[in-house]
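Pasting the sequence and the predicted coordinates here, then a few questions.
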Amino acid sequence: MSTPIAFLKGHGTENDFVIVPDPENTIDLPPAAVAALCDRRAGIGGDGLLHVVRSAAHPEARSMAAEAEWFMDYRNGDGSVAEMCGNGVRVFARYLQRAGHVTEGDLAVATRGGVKTVHIAKDGDITVGMGKALLPEDGVTVSVGERSWPARNVNMGNPHAVAFVEDLAHAGDLYAPPPFSPASVYPEGVNVEFVVDRGPRHVALRVHERGSGETRSCGTGACAVAVAAARRDGADPATTGTPVTYTVDVPGGTLVITERPDGEIEMTGPAVIVAEGEIDADWLQAVPRG
């Protein structure tokens, strides 16, 4: 009988993850295995998987080991690799705290989108330095059924298309990726956010995450939305020298996004570990790899 594999389950504003601690990077997690673990009926269930590895033990993160001890090897729910996941970073940090690897205060986490700064507050909320937003000039049109909207192109280490709509119901069921054109703008797919206003510097969104479908929350998406809303509203901290903060409601809760004059974006929100247990290694090994 194979040795069981430890796992935990956590969420950030109901964006949920299977967490697999693997400090020395010894567990084989091909895409099919990740998809099986994230399956909500036949597996554990999650929007994605957080593979917890020491940076020095992972070939994609060794160059960041001097800055960050831990690497968030993030996978989407379908098993595909993703550059970054904002809610995932908070849950990742919460796991490191629970495991005794870190305490309250500041830490650095390596991701495929670069090294992210994290602050674990005494009140429980976690703030993540999400880096700077890139605003490519290439625009797109996003469609759902017979409706279509212009969308702002925002890159947060992963690609986003932000569309402001009159009603979140106009996003449809979001089971399939919303069509966009021209396709050349996002050759590897895109996260699509549909956004409505709730009040001054207060918006709400629904999101289709590339590789995961509609999720209850998307941290990088909330950041992209806040930046797009600020520019739409005529606010640019780099020009005014004044930080801009937006409250972003997601289906699973609320995130607070601040863009500083130097362009750095900070995201604050909760992160919760809800369970831990063991994966049957024989079951995981039996998952078809094709």
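Perfect, I can see it now.

From here on, just use CA atoms for contacts and neighbour counts.
Noted.

dump the residue contacts of the most centrally placed residue in the chain.
Central residue of the chain (Cα atoms, centre = their mean): Cys85, 2.3 Å from the mean position. The contact partners of Cys85, taken as Cα atoms under 8 Å, 6 or more residues apart in numbering, are Tyr74, Cys218, Gly219, Thr220.

can you pull out the helices in the protein?
31-38, 86-98, 219-232, 237-240, 281-286 (DSSP state H).

Let me know which of the ones you listed is the nearest to Asp197.
Evaluated over these, closeness to Asp197 peaks at helix 219-232, with 9.2 Å, by Cα to Cα.

Same question for the closest one: list its buried residues.
Gly219, Thr220, Gly221, Ala222, Cys223, Ala224, Val225, Ala226, Val227, Ala228, Ala229, Ala230 (16 or more other Cα atoms under 10 Å).

Can you tell me which of those is nearest Asn158?
Looking across these and measuring by Cα to Cα, the closest to Asn158 is Thr220, at 7.8 Å.

Quick check: closest non-adjacent residue to that closest one.
Gly86 (5.1 Å; Cα to Cα, 6 or more residues apart in numbering).

my guess is the one you found meets Val128, correct?
Yes - taking contacts as Cα atoms under 8 Å, Gly86 lies within contact range of Val128: 7.5 Å.

Quickly list what's touching both of these two.
Joint contacts of Gly86 and Val128 (Cα under 8 Å, 6+ apart) are Met267.

In a markdown table, list the contacts of Cys85 along with pLDDT and distance to Ala56.
A markdown table is the format used below for the contacts of Cys85 (pLDDT from 0 to 100; distance: Cα to Cα, whole Å):
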| residue | pLDDT | distance to Ala56 |
| --- | --- | --- |
| Tyr74 | 96 | 16 |
| Cys218 | 92 | 28 |
| Gly219 | 92 | 26 |
| Thr220 | 91 | 26 |
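
of those, closest to Asp280?
Once Cα to Cα is applied, the member of those that ends up nearest Asp280 is Tyr74, at 21.2 Å.

Enumerate every residue touching Arg94.
Contact analysis of Arg94 by Cα under 8 Å, 6+ apart lists Ala271, Val272, Ile273.

any idea how far it lies from Ile126?
Counting by Cα to Cα, to the nearest Å, the separation of Arg94 from Ile126 is 8 Å.

And Ile273, by the same measure?
13 Å.

Those two: who's more crowded?
Between Ile273 and Ile126, Ile126 has the larger neighbour count (other Cα atoms under 10 Å), namely 25 against 18.

burial count for the closest residue to Thr245 other than its chain neighbours?
The spatial neighbour of Thr245 that comes closest, neighbours along the chain excluded (Cα to Cα, 6+ apart), is Thr258 at 4.2 Å. Thr258 has 21 neighbouring residues, counting by other Cα under 10 Å.

Verify the contact between Thr258 and Thr242 for me.
No - taking Cα under 8 Å as the definition, Thr258 is not a contact partner of Thr242, at 10.5 Å.

in the stretch 151-290 of the chain, what spans have low per-residue confidence?
290 (pLDDT under 70).

and the gap between Val118 and Gly129?
6 Å.

Without its sequence neighbours, what residue ends up closest to Leu37?
Nearest non-adjacent residue to Leu37 (Cα to Cα, 6+ apart): Gly43, at 4.6 Å.

wait, isn't the one you found in contact with Ala32?
No - judged on Cα under 8 Å, Gly43 makes no contact with Ala32 at a distance of 11.7 Å.

Which segments of the protein make up each domain?
Domain ranges of the chain: 5-125+272-286, 140-269, per automatic domain parsing.

For the residue nearest to Leu37, grab the count of nearby residues.
Neighbours around Gly43, by other Cα under 10 Å: 16.

And Pro270, by the same measure?
21.

I figured it hits Val128, correct?
No - assessed by Cα under 8 Å, Pro270 is found out of contact with Val128, at 11.0 Å.

Many thanks, have a good one.
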